[in-house]
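S.K.: dropping the sequence and predicted coords here.
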Amino acid sequence: MSLVDKGASFIRLVGYVSDANLREVSWNQRVLEKISKKYNLKHGQAVVFCNVAKDRFRLVSSFYGLPVLILPPIDPADRISLFLKISLFLKQFQRAMDVVLALGKEIHVAQKRLDKRKKAAKKAITNRRK
């Protein structure tokens, strides 16, 4: 039986940073080590960084003492809905209330933005037909 079958995840989220400048969360090993030390990351733990536009994530995780950068993929044509999908995906990794509440808020905001865009697109199509 694998860890996935038991409902456990390989990554446990221990922190969430909103409105982060993602240019400062880079592949540079010194930057990753600094973040790892700041959050005291243990094996399998990660910190989520999200940008101001709420359409990109970076995760800094530790595996056997080595800090690594994880970049979830983005689709430029569908950034908000992908943000929503990534938020929902990340939410299942964590049970700590502070991270779950932060991700829950981001999910709600992203869903509202997505609904607003769909409504505007539908209105634009209707106006073109007239």
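M.R.: That came through, no problem.
S.K.: the helix or strand of the chain with the lowest mean pLDDT: what's the following helix or strand?
M.R.: Least confident helix or strand, the chain: helix 79-91 with a mean of 63, by mean pLDDT, DSSP states H and E. Sequence-wise, the next helix or strand downstream of helix 79-91 (DSSP states H and E) is helix 97-129.
S.K.: which other helices and strands contact that following helix?
M.R.: Here helix 97-129 touches strand 12-17, strand 45-50, helix 79-91, going by 3 or more CB pairs under 8 Å, 6 or more residues apart in numbering; DSSP states H and E. Backbone N, C-alpha and C define where each C-beta goes, glycine included.
S.K.: partners of the second one in the sheet?
M.R.: With DSSP bridges as the test, strand 45-50 is paired with strand 12-17 (parallel), strand 57-63 (antiparallel).
S.K.: adding mean neighbour count and mean pLDDT, write those strands out as TSV.
M.R.: TSV is the format used below for the strands paired with strand 45-50 (neighbours: other CB atoms under 10 Å; pLDDT from 0 to 100):
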stretch	mean neighbour count	mean pLDDT
strand 12-17	20	86
strand 57-63	22	91
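S.K.: now those strands in CSV, with distance to R113?
M.R.: Formatted as CSV, the strands paired with strand 45-50 follow (distance: least, CB to CB, whole Å):
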stretch, distance to R113
strand 12-17, 19
strand 57-63, 16
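S.K.: among those, which is nearest C50?
M.R.: C50 lies closest to strand 57-63 among the strands paired with strand 45-50, at 5.6 Å (CB to CB).
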